[in-house]
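>>> Need coordinates for the following:
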Amino acid sequence: MHSAARRRRAVAAVGAVSAGLLALSACDAPSPVATVTVNSDTVNSEASCWNDGKAIDDKELTSCLQDKDVPTLKVNQDETVRFGVDQEIAESRWVILMNGRPLVEDSGRTYRTIPGSVFFDPQYGAQGNSTVVAIRALDEDDKARTTGLWTFKLKRGDDS
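Have a look, this model is predicted:
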């Protein structure tokens, strides 16, 4: 009799887990996360624009690039800035934008590093003591299209 009771409990447990997973699958999943790190300072962010991996129209993308409420980090000229994305984004490829223009070639890796001095160099389009950078997820089938955008602000730190 103990084995019949155990079997019923096991079936009930499997049913409860299955129901829980079904309920979770009905929820909207959060967007993948992008991370920017300078030394030990790190900011993480869900996407400013995300269409569940589908292409985002240009009008919405322009609006997202103008978002003012974005995570901010201080960067000294001699520091390294590390960018990271979830594996899902790396698989479809991504690029770093600086002031809306591509800064590097697209990548299939989950991270990139760039010298801090680049973000304040006029040669790369920098102006003043802060720069807006964005991580742009590319559409797998059409690299000219964007599927997600994460925006950050880098402020010039104290170089002393």
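>>> In its sheet, which strands sit next to the longest strand seen in the chain, and in what direction?
Ranked by residue count, the top strand of the chain under DSSP state E comes out as strand 146-156. For strand 146-156, the paired strands and their directions (DSSP bridges) are strand 49-50 (antiparallel), strand 72-75 (parallel), strand 130-138 (antiparallel).
>>> tell me the most buried of these?
Across the strands paired with strand 146-156, averaging neighbours per residue (mean count of other CB atoms under 10 Å) puts strand 130-138 on top, at a mean of 23. Any C-beta I mention is one placed from the backbone N, CA and C, and that applies to glycine too.
>>> what about that strand, average pLDDT?
Strand 130-138 carries an average pLDDT of 92.
>>> and what of stretch 104-119?
The average pLDDT for stretch 104-119 rounds to 94.
>>> start to end distance for that stretch?
12 Å (CA to CA, to the nearest Å).
>>> Can you lay out the strands paired with strand 146-156 as TSV showing distance to Arg112?
Output for the strands paired with strand 146-156, formatted as TSV (distance: least, CB to CB, whole Å):
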stretch	distance to Arg112
strand 49-50	20
strand 72-75	15
strand 130-138	9
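>>> so which of the ones you listed comes closest to Asn99?
For the strands paired with strand 146-156, the distance to Asn99 is smallest for strand 130-138, at 5.9 Å, taking CB to CB.
>>> So which residues make contact with the closest one?
32, 34, 36, 47-48, 65, 70, 83, 85, 89, 92-100, 103, 106, 119-120, 145-156 (CB atoms under 8 Å, 6 or more residues apart in numbering).
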